[in-house]
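A.B. asks: No sequence on hand, only this structure:
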């Protein structure tokens, strides 16, 4: 490969890396947090275990139990983002729209655990949707494409460096014979 291609690749590599530094750093750090989310209760509350594997609670009982937890701020179904039923664990996780999670025993309706759940926010930061409408498509997607360009230009630099090193070694061996 020519010296011009090598110089162009280095220059492109430098400027692209400076341009995508912040979005890639955000994706990297948030991705690391998501990788260890089950290891740290601060990120995602640990899943508790209920008494029975067969859910016996009615929807009304779930809502009634969730209303009793002041942090969750649940007064009606509109305050709930989702229900996550885990039959094998005997629990139902009630996720409020304010990111509080209430874990209920599916047999007794007892509140087993209440905690703030940060994984949804971290996921939104990770994919860019937390910042503003369109950041996912207009900032983070181009940054990902440019990261691919960085990888390609890095490989070009590696191959050209190895080729150059091989040629020099080969030339020295030929000369010393």
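C.D. replies: Received it, and whenever you're ready, just let me know what you need. This one's a predicted model, so the numbers in the text were calculated from it and none came from an experiment.
A.B. asks: Show me the domain layout of this protein.
C.D. replies: What the record gives for the chain is the domain set 1-43+126-168, 45-117, from automatic domain parsing.
A.B. asks: Please, where are all the helices along this protein?
C.D. replies: All helices of the chain, identified by DSSP state H, fall at 3-19, 21-35, 59-67, 119-127, 135, 141-176.
A.B. asks: residues making contact with the shortest one?
C.D. replies: With C-beta atoms under 8 Å, 6 or more residues apart in numbering as the test, helix 135 has contacts from 128, 129. Glycine gets a C-beta too; all of them are placed from N, C-alpha and C.
A.B. asks: swap in stretch 79-91?
C.D. replies: 47-55, 62-63, 66, 72-74, 92-98, 103-107, 112.
A.B. asks: from those, which ones fall inside strands?
C.D. replies: The strands, defined by DSSP state E, take in 92, 93, 94, 95, 96, 103, 104, 105, 112 from these.
A.B. asks: Let me know the closest of those to residue 121.
C.D. replies: Of all those, residue 121 sits closest to residue 95, with 12.2 Å by C-beta to C-beta.
A.B. asks: Quick one, which of the ones in strands among the contacts of stretch 79-91 are buried?
C.D. replies: Buried residues within the ones in strands among the contacts of stretch 79-91, counting neighbours by 16 or more other C-beta atoms under 10 Å: 92, 93, 94, 95, 96, 103, 104, 105, 112.
A.B. asks: and the angle for the lowest-mean-pLDDT helix or strand in the chain with helix 141-176?
C.D. replies: Within the chain, no helix or strand scores below helix 3-19, which has a mean of 84 by mean pLDDT, DSSP states H and E. Between helix 3-19 and helix 141-176, the angle comes out at 150 degrees (axes from the mean of the first three to the mean of the last three C-alpha atoms, to 10 degrees).
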